[in-house]
Structure formats: C-alpha cells, structure tokens
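Engineer: Based on what follows, work out the 3D shape:
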Amino acid sequence: MLTIHASKQDTITLDNREFFFLAGILGSDRLLGVEDPFQGYLAQEIAEEWDEVKQSLLEKGYLVEEDDGAMLAMPPKVFSRVAIASLAERSCWLRYKRQEETFEGYLHATNERVVQVCKSEKDFQYELDELGNVEAACGQLVDKMDLKDYAPAETPALLLSKKKFGDIYGRIPALTLDELGDELAAATNDAEGSIALARCLKFRTGEGELHFSTWTGSRWETQSAAFVVNDTMNWLVRMSLSGDQDWLTASPASKQQFQEMLLLWLKQSAESDGR
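Structural biologist: A predicted model of the protein is given here:
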C-alpha cells in the first residue's frame, strides 16, 4: 500500500473500540470511515467493554493515569490526532491507484494540521499520522499521485450523462481508441476534446476519486470528484450525486490546478473550524 509521507512522529495505531472511546472522551460521535463497534450494545455492556479498552490504551501509552489513578489523560500527540480526526468539520476521503500501488484514507484538516487516517492491514485497526500543515499535506498528496504539470488551456470541459459515461468506462478494455473516442464524441458533441479524453482513459497510468465532506452541525454534506492520469496529462471529473440528476463534466487539470483545488477545500475547512 502506498502511504503519504507522515511526520517524524510515530504512527498511532488504534482499533475501532479504542478510537471510538477516545473520540467519545472528546465529545465526538461522528467518526468518518470507522465502523461503530458498539452498535446494538446496552449501556452496561459498553461499560464492561470500557475496562478492557482502558487497560489496552494504558498499556500502549495512549492514556496515562494522573493523581494516583484518579484521573486519565491523553498525551499531547494522541490528543491532537484524535481531536482532529474526530472533530474537524471538513474531511477528504481519497482513494487512488498509481501503477500497482494503491492508497485509501481520510484527510482531516484544521488551520494548523492535517491528520491522515488509514485502515491498517489488520482488521479493525486504524493508523493516524500527522502530515504537517495544509500546504505541506496537499503538496505531498499530488506528488504521490504522480499528477502531470501539463493542461491544454484551449480544451474546454466536456459535459455528458453520468450514466452514459459509466457505461462507456466499463467497456474501455473492449474498445479500440477510435471506438472510445467516437462514443465519447457522440455523447459530448466535442470530437477534439473526446479524442484527448479517450487517450487518457485508454492509456491511463493512474486514477482515483475524492469525497469532500462538510459537517453542517447535524449531518455530513458531500461533494465528489474523480481523476484519471496518463503519461502526459490529467483529467478532473465532477459528477452529480443527487438521484434525480444525471450529469458529469470532465476537464483537463494541471498538477498545480489540482493542488489549488485541494488547498482551497482544506483551507476552507480550517478557517471554518477555527482550530
């Protein structure tokens, strides 16, 4: 698995029970991407689980006893990462593949730090890493995705049906480059742009998708985007999420433009959080 470069501090590894308990101590009940281990539990059963989880956290050094055991505290490194992962009001879920390497995880941002949360290779284990500030994290991210610097300014965005694009995308291995270009041109009425997109899709070296989520105070609101990369350029794909809409846009985007999009989103997150 490809892992975005983390800070020099050690990775913090929590199982889902430990993660939920530490987030709960901080007043959070909205962990993204972490399966609730206590769904359907009675209050007494959760209390019994706490004794076992507390001991595990003490042994790892993720909790420490103070005042002769009368109080529990989190070390600063643990506190900051769990707080950002569980309380940030905007997060980005990212999954991508580059050659034979893959990455999947969440980036949670505040005005000072970005924390990456990834599932471990072990079941129900999560790894928390600090990636530095928003600018540093976005720079690391686009470098790892091997995005290209080039984007032709004269190529306009293509607009077509999301369902139609999904159908074409699923048949790419069986289509020749000319056939793929013709099908995209028929769906977009843009022959020149469709040829460029067909080349990128047919000979792609990387691809991925992102979900940008914002906490409104009562629920998460999400926007989605995807991207595809070949040896020369990148295409950014945005699509409808509502069930009553069926649209998709695809446009060339340089590495710098992609980084600016990520930076804008996560910095908005940081400013709205105020943390």
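Engineer: can we go C-alpha only for contacts and neighbour counts from here?
Structural biologist: Fine.
Engineer: Secondary structure class of the residue nearest in space to the middle of the chain, three-state.
Structural biologist: Closest to where the C-alpha atoms of the chain average out (C-alpha atoms, centre = their mean) is W93, at 1.9 Å. Three-state call for W93 (DSSP: H, G, I helix; E, B strand; the rest coil): strand.
Engineer: which residues does it contact?
Structural biologist: E104, G105, Y106, L107, L210, H211, F212, S213 (C-alpha atoms under 8 Å, 6 or more residues apart in numbering).
Engineer: And the helices in this protein?
Structural biologist: 16-25, 43-60, 76-87, 134-144, 162-170, 177-188, 191-202, 255-273 (DSSP state H).
Engineer: Neighbour-wise, which one of the contacts of W93 leads?
Structural biologist: Sorting the contacts of W93 by how many neighbours each has (other C-alpha atoms under 10 Å) puts L107 first, at 26 neighbours.
Engineer: what's the distance between that one and S86?
Structural biologist: In this view, L107 and S86 are 11 Å apart by C-alpha to C-alpha, to the nearest Å.
Engineer: I'd say L241 and Q223 touch.
Structural biologist: Yes: using C-alpha atoms under 8 Å, L241 is in contact with Q223, at 7.5 Å.
Engineer: Throw the helices of the chain into CSV and include distance to N111, thanks.
Structural biologist: Formatted as CSV, these follow (distance: least, C-alpha to C-alpha, whole Å):
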stretch, distance to N111
helix 16-25, 20
helix 43-60, 28
helix 76-87, 10
helix 134-144, 7
helix 162-170, 35
helix 177-188, 40
helix 191-202, 36
helix 255-273, 4
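Engineer: which stretch among these comes nearest Y126?
Structural biologist: Taking C-alpha to C-alpha, helix 16-25 is the member of the helices of the chain nearest to Y126, at 7.2 Å.
Engineer: For the closest one, buried residues please.
Structural biologist: Within helix 16-25, the residues that count as buried by 16 or more other C-alpha atoms under 10 Å are N16, R17, E18, F19, F20, F21, L22, A23.
Engineer: re earlier: need the contacts of W93 in CSV (columns: distance to S161 and pLDDT).
Structural biologist: Output for these, formatted as CSV (distance: C-alpha to C-alpha, whole Å; pLDDT from 0 to 100):
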residue, distance to S161, pLDDT
E104, 27, 95
G105, 29, 96
Y106, 29, 97
L107, 30, 95
L210, 20, 94
H211, 20, 93
F212, 22, 91
S213, 24, 91
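Engineer: ok, back up a step: nearest spatial neighbour of the residue nearest to the centre of the chain, skipping sequence neighbours?
Structural biologist: Y106 (4.4 Å; C-alpha to C-alpha, 6 or more residues apart in numbering).
Engineer: got it, and D231?
Structural biologist: Using C-alpha to C-alpha, 6+ apart, the nearest residue to D231 is T205, at 6.8 Å.
Engineer: Pretty sure that neighbour sits against Y96.
Structural biologist: No: applying C-alpha under 8 Å, one finds T205 not in contact with Y96, separated by 10.9 Å.
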